[in-house]
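J.: Just to be clear, the model below is a prediction. Sequence and coordinates:
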Protein chains: 2
Amino acid sequence: MKRKITLKHIAKELEVSISTVSKALKNSEEISRDTKEKIQAFAKLYNYRPNNIAVSLKNKRTKNIGVIIPDIVHHFFTTVISGVEKEANSKGYNVIVCLSDESFDKEVINMEMLANGSIDGFIMSLSSETQQKKDYNHLKEVTDQGIPLVLFDRVTQSVDCDKVIIDDQLGAYEATKKLLNQGKRKIALITVDDYLSVGTERTKGFIRAHKDLGIPYLEKNILKMPTMEMEEGIIREFLTKADYDAIICVNEIFAVFGMKVAKETGKKIPQDVSVIGFTDGLLSKYANPSLTAIAQHGELMGETAARMLIKRIEDESDDEFPFQTKILQPTLIERDSTIN
Amino acid sequence: MKRKITLKHIAKELEVSISTVSKALKNSEEISRDTKEKIQAFAKLYNYRPNNIAVSLKNKRTKNIGVIIPDIVHHFFTTVISGVEKEANSKGYNVIVCLSDESFDKEVINMEMLANGSIDGFIMSLSSETQQKKDYNHLKEVTDQGIPLVLFDRVTQSVDCDKVIIDDQLGAYEATKKLLNQGKRKIALITVDDYLSVGTERTKGFIRAHKDLGIPYLEKNILKMPTMEMEEGIIREFLTKADYDAIICVNEIFAVFGMKVAKETGKKIPQDVSVIGFTDGLLSKYANPSLTAIAQHGELMGETAARMLIKRIEDESDDEFPFQTKILQPTLIERDSTIN
DNA sequence: TATTAACACGAAAACGTTTGCGAGACACTT
DNA sequence: AAGTGTCTCGCAAACGTTTTCGTGTTAATA
């Protein structure tokens, strides 16, 4: 077991001072050519690499980004991580991932843990519990300390920071409009309770599309699930009782399950019932029939968030530029669960 | 913007030394009750938290675990991360995730980056490129430095370290046996090239099941995909030419797509064709018909790997215990794509 | 009263870097 | 001979902790 070599070792071996070694490895003008070459050769030979922790302590820069998400099994968040990782890595940053499991307490604990020097900035999406409680003190503490924060997807207006979201309302609006234009008049909407920002926005888009086209929407055809978690019973009961000719779902799991129930009750897709889901993930692509979906561009969202964060981190000037909210456009991916 | 408070600040404010503050906050016996109470109260009031970086430098313990995986979009890896995160978090560790993107170079870069003090140990699954090149020097360098490493799923015998895998051969064996026992005699196997350990093992299990039951397997019914990536053309061509009454696939995406092609050619599932896929993810659960799957228990694998790693990290004794390879048992989850 | 023990605290080194500044050696100018 | 300048390099502080050891004070013992 060969231990890691440090500046001190090199210095002792070459009989120079630690500072000389440090400067030589940085190609400082202060050091003579001879000495530099000798030191650099030695360092290369022994494969010297500076200790990240020590450098972090000295520079007060960790080159780490903390990402806190409610859940990693949802495809959307996975793609976001992927985007963050890509952008971060290309700029020399590592990504520390923490899961809040939709729990307020875990979110707070994770933030506090990372805020004590482990990271240079946060990228996060609020847990559902946090959105319910509307308690954002942990976010404020972090920003108060001058740690940059970028919120994505599940955001709040109560915290001043950079944000990146998709235009959820627009996504729902366009999906609804498409179905209405095809003559569907009894669209069912399976969404989530209003405490989740995405729920509210998507419902708004659904209603606005109806209003704009002068078509009444059916209040009783709107199902608000308590959480994003799948509860087959609720959806099955709703769909067996409802009278509908199309379904729009807040995520692809609900949509695929909705299709299943519809088929079980003898309806043909897309002729009798058209189905559209949010989140264009694997399920949508490989469902049978394949699912028309509103793509949320998670990877792009992750990249964007990372870019905004790193810009903030590396901004030396004291005159802080104002916080931005980037709004990404959703895309309707047409497949076989709707008529084209 | 209130800056983070340090021991030094507390010491100056309370007119004691830094060491006294440090000890008082650790409830050391050395410090008098009065002083401790005063210091603790002050620390709580100003919400003092030790700087992780400084503690890491001092203790040579980062409380970070590095996880390097080839890909995060595959459901299996996602569940592994989830398991690692859970176990790590419960023991006070954070998880740094890096993606190799199946690239040897990115794997090496990520490892080197993290190995310079950022983490206390690695959990990783080899990239396909690494498995092809059979170049494991970056792993050896890390273990040589005394950094613990746990390999999971895609492992190699060339590196001495802890490992956790599932019995891939057994999974394939049982799936094959089940189908053979149901009278299927023309099973198609869609797997991957042998350079991926999972490909080899699963193919072995497939063949062994045939041998054990004295039934010949059809060499021409085995398709070895170049990578784990979906290439619809190859699978479609294979399945339209082949004569088969069942399909076993190396992952669920292939399986779901296989079902689709089978259905397109007029075959009924599961009556005419039974289908079984590896990886019991969302796709399997929500496919139509739902997919019988060999569960790989990714979350358990992650938890196990994390537990082994942390045990290694926190092992103080010098007499190192021998490396272990834990073999998890796969589980056959029966659903509607096979006859039950 | 002198000795010792217990107690409470501080000084300082250490972890591995970075960096401003001072200083010795040498050559050159006046 | 004294002053000035240039090159190299080392000293030391700093980042924020932890921990060993030393020391001054007080109380208990002989």
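T.: Perfect, thanks for sending it.
J.: can you give me the end-to-end distance of stretch A:40-51?
T.: One end of stretch A:40-51 to the other measures 17 Å (Cα to Cα, to the nearest Å).
J.: Give me the buried positions along that stretch.
T.: Residues of stretch A:40-51 classed as buried by neighbour count (16 or more other Cβ atoms under 10 Å in any protein chain shown): A:42-43, A:48, A:51. The way it works is simple: take the backbone N, C-alpha and C, and place the C-beta from them, glycine included.
J.: could you dump these to a markdown table with secondary structure and pLDDT?
T.: Shown next, in a markdown table, are the buried residues of stretch A:40-51 (DSSP: H, G, I helix; E, B strand; the rest coil; pLDDT from 0 to 100):
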| residue | secondary structure | pLDDT |
| --- | --- | --- |
| A:F42 | helix | 97 |
| A:A43 | helix | 97 |
| A:Y48 | coil | 97 |
| A:N51 | coil | 97 |
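J.: Okay, A:H9 and A:L25: tell me how far apart.
T.: 13 Å (Cβ to Cβ, to the nearest Å).
J.: quick one, which of the two is more surrounded?
T.: A:L25 (19 against 16; other Cβ atoms under 10 Å in any protein chain shown).
J.: is it true that that one touches A:E37?
T.: No: in this structure, A:L25 is not within contact of A:E37 by Cβ atoms under 8 Å, at 11.6 Å.
J.: what subset of the buried residues of stretch A:40-51 is also close to chain B?
T.: A:N51 (Cβ under 8 Å from any Cβ of the partner chain).
J.: got the buried residues of stretch A:40-51 as JSON lines, with distance to DNA strand D columns?
T.: What follows is these, written out as JSON lines (distance: Cβ to the nearest atom of the strand, whole Å):
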{"residue": "A:F42", "distance to DNA strand D": "14"}
{"residue": "A:A43", "distance to DNA strand D": "15"}
{"residue": "A:Y48", "distance to DNA strand D": "16"}
{"residue": "A:N51", "distance to DNA strand D": "11"}
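J.: Can I get the buried residues of stretch A:40-51 in a markdown table including distance to B:T62?
T.: As requested, those are exported to a markdown table (distance: Cβ to Cβ, whole Å):
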| residue | distance to B:T62 |
| --- | --- |
| A:F42 | 27 |
| A:A43 | 24 |
| A:Y48 | 20 |
| A:N51 | 11 |
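J.: quick one, phi psi at A:K8?
T.: Here is the backbone geometry of A:K8 (degrees, to the nearest 10): phi -60, psi -40.
J.: Just confirm it contacts A:T20, I think it does.
T.: No: using Cβ under 8 Å, A:K8 makes no contact with A:T20, being 12.0 Å away.
J.: Please say which of these two ends up with more neighbours.
T.: Legend: neighbour count by other Cβ under 10 Å for A:K8 and A:T20, higher for A:T20 (21 against 10).
J.: joint contacts of A:H9 and A:L25?
T.: Common neighbours of A:H9 and A:L25 (criterion: Cβ atoms under 8 Å, 6 or more residues apart in numbering or on different chains): none identified.
J.: who's in contact with the residue of the stretch 101-250 of chain A found nearest DNA strand C?
T.: The nearest approach of the stretch 101-250 of chain A to DNA strand C comes at A:G117, 12.8 Å away (Cβ to the nearest atom of the strand). Residues in contact with A:G117 (Cβ under 8 Å, 6+ apart) are A:56, A:62, B:4, B:51-54.
J.: could I get those as TSV with distance to DNA strand C?
T.: Formatted as TSV, the contacts of A:G117 follow (distance: Cβ to the nearest atom of the strand, whole Å):
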residue	distance to DNA strand C
A:S56	8
A:T62	13
B:K4	17
B:N51	11
B:N52	13
B:I53	9
B:A54	7
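J.: Which of those residues fall in helices?
T.: A:56, B:52-54 (DSSP state H).
J.: Can you get me a residue count around A:E112?
T.: 14.
J.: What is the strand or helix carrying it packed up against?
T.: A:E112 belongs to helix A:104-115 when assigned by DSSP states H and E. Applying 3 or more Cβ pairs under 8 Å, 6 or more residues apart in numbering or on different chains; DSSP states H and E, one finds that helix A:104-115 contacts strand A:64-69, strand A:94-99, strand A:121-124, helix A:128-133, helix A:137-144.
J.: ok, and what's touching the shortest one?
T.: For strand A:121-124, the surrounding residues in contact (Cβ under 8 Å, 6+ apart) are A:65-69, A:84, A:107, A:111, A:114-115, A:142, A:147-152, A:302, A:305-306, A:309-310, A:312-313.
J.: Let's test this: mean pLDDT of that strand, rounded?
T.: The predicted model assigns strand A:121-124 a mean pLDDT of 98.
J.: among the contacts of A:G117, which one has the lowest pLDDT?
T.: If you rank those by pLDDT, B:K4 sits at the bottom with 92.
J.: Now do the residue nearest to it when sequence neighbours are not counted, the pLDDT please.
T.: Nearest residue to B:K4, sequence neighbours excluded (Cβ to Cβ, 6 or more residues apart in numbering or on different chains): A:Q145, at 6.1 Å. Here, the pLDDT recorded for A:Q145 equals 93.
J.: so how many other residues sit close to A:Q145?
T.: Neighbour tally, A:Q145, other Cβ under 10 Å: 13.
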